[in-house]
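**Student:** Provided below are the primary sequence and the corresponding predicted coordinates.
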Amino acid sequence: MDAELLRLLLITFFAAVLADLSMVLGVAPFFFLDDLSKRAAATLSAVAAGMMAAASLVQLVGEGLRRAPGLQVWEVAAGLGLGALFYAGVARWVQSNESFDAFRLRETGGTAALMVVAAMTAHSLPEGIAIGVAFGSGETGFGVAVVAALAVHNVPEAIAITLALRAKGLSIWQCMGWALVTSVPQPIAAPFAAWLMWIFEPLLPFGLGFAAGAMLFLVVDDLLPDALEEIDSSRTAAAFTAGAVAMIILGRVVGL
């Protein structure tokens, strides 16, 4: 294997592992608190939504358009649409398949606990693809920015998983284990996506659009509705904007 490609795959893998490990930050407070404010978790979700939206539109789509000027813009647009459809299809499959179990989770926590973990695990796949595409673009700073956005997103996600599983009788250590499991698709999918972008570089504008579409669908379909269930629209908008600003600043810091 080409040494430069191997380096890319290793960097992508370990960056995705770090994003996965950020789940621990969402579970850790439960060792010291009986509960964590749902409003605080919702605010973090809105911040993560803002960061992911900015990463999608400013960085992923922006980089895609830079690499596909003129009429080639259709590649980015097609990627956006198909990425959104991909995420929507995965989410629908998870919601409609309640007949499977994983490591006796249904037995210990019930169907609801299994579905929480299944849903969270399924939507980690497009997140891993986003990491891989970002690093596969050849811009390390770009990949760092996307990983940062997903790491922030993983914190409220881990809080949500813990709240749901604790209510079903699972221990905090079990909650932490399952939270980490839900993000395993990130380090699995990320190197594969980076490899595809390396081998098929002309597909990069499409790949960037695809990753952006999946992330945007996640923001609108999942993160913002979750936030609005617990906090009002003004606080959600403020947190979303703060996240977007933070992502843009981070992009500038790492040289995007």
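**Tutor:** Looks like it came in fine. What you see is a predicted model, and the numbers here were worked out from it, not measured in a lab. Numbers count the residues shown, from 1 in each chain.
**Student:** where do the helices sit along the stretch 51-200 of the chain?
**Tutor:** 61-67, 73-96, 105-122, 124-136, 140-167, 172-182, 185-199 (DSSP state H, counting those that start in this stretch).
**Student:** out of the ones you listed, which comes closest to Leu223?
**Tutor:** Comparing the helices of the stretch 51-200 of the chain against Leu223 with CB to CB, the closest turns out to be helix 140-167 (7.3 Å). For every residue, glycine as well, the C-beta is placed using N, CA and C.
**Student:** what residues sit buried inside the closest one?
**Tutor:** If you call a residue buried by 16 or more other CB atoms under 10 Å, then helix 140-167 has these buried ones: 140-166.
**Student:** ok, back up a step: closest one to Thr43 among the helices of the stretch 51-200 of the chain?
**Tutor:** Taking these one by one with CB to CB, helix 140-167 is closest: 8.2 Å.
**Student:** pLDDT on that closest one, on average?
**Tutor:** Helix 140-167 carries an average pLDDT of 78.
**Student:** same thing with stretch 48-56?
**Tutor:** 81.
**Student:** give me the below-cutoff pLDDT ranges for the stretch 1-150 of the chain.
**Tutor:** 1, 34-37, 69-71, 94-95, 97-120, 122-123 (pLDDT under 70).
**Student:** tell me the most buried of the helices of the stretch 51-200 of the chain?
**Tutor:** Mean neighbours per residue, mean count of other CB atoms under 10 Å, is largest over these for helix 124-136, with a mean of 29.
**Student:** show me what it is packed against.
**Tutor:** Other helices and strands packing on helix 124-136, by 3 or more CB pairs under 8 Å, 6 or more residues apart in numbering; DSSP states H and E, are helix 3-21, helix 73-96, helix 140-167, helix 185-199, helix 204-218.
**Student:** tilt between that helix and helix 204-218?
**Tutor:** 140 degrees (axes from the mean of the first three to the mean of the last three CA atoms, to 10 degrees).
**Student:** can you give the distance from helix 124-136 to the centre of its chain?
**Tutor:** Chain-centre distance of helix 124-136: 8 Å, with CA atoms, centre = their mean, to the nearest Å.
**Student:** CA-only coordinates of it in PDB, if you can.
**Tutor:** The C-alpha coordinates for helix 124-136 follow below in PDB (Å, rounded to 0.1, in the frame of the first residue of the first chain):
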ATOM      1  CA  SER A 124     -23.400   7.500  13.000                       C
ATOM      2  CA  LEU A 125     -22.700   6.000   9.500                       C
ATOM      3  CA  PRO A 126     -23.100   9.200   7.500                       C
ATOM      4  CA  GLU A 127     -21.100  11.000  10.200                       C
ATOM      5  CA  GLY A 128     -18.200   8.600   9.600                       C
ATOM      6  CA  ILE A 129     -18.500   9.200   5.900                       C
ATOM      7  CA  ALA A 130     -18.300  12.900   6.500                       C
ATOM      8  CA  ILE A 131     -15.100  12.500   8.400                       C
ATOM      9  CA  GLY A 132     -13.600  10.300   5.700                       C
ATOM     10  CA  VAL A 133     -14.600  12.600   2.900                       C
ATOM     11  CA  ALA A 134     -13.200  15.600   4.700                       C
ATOM     12  CA  PHE A 135      -9.800  14.000   5.300                       C
ATOM     13  CA  GLY A 136      -9.900  12.400   1.800                       C
END
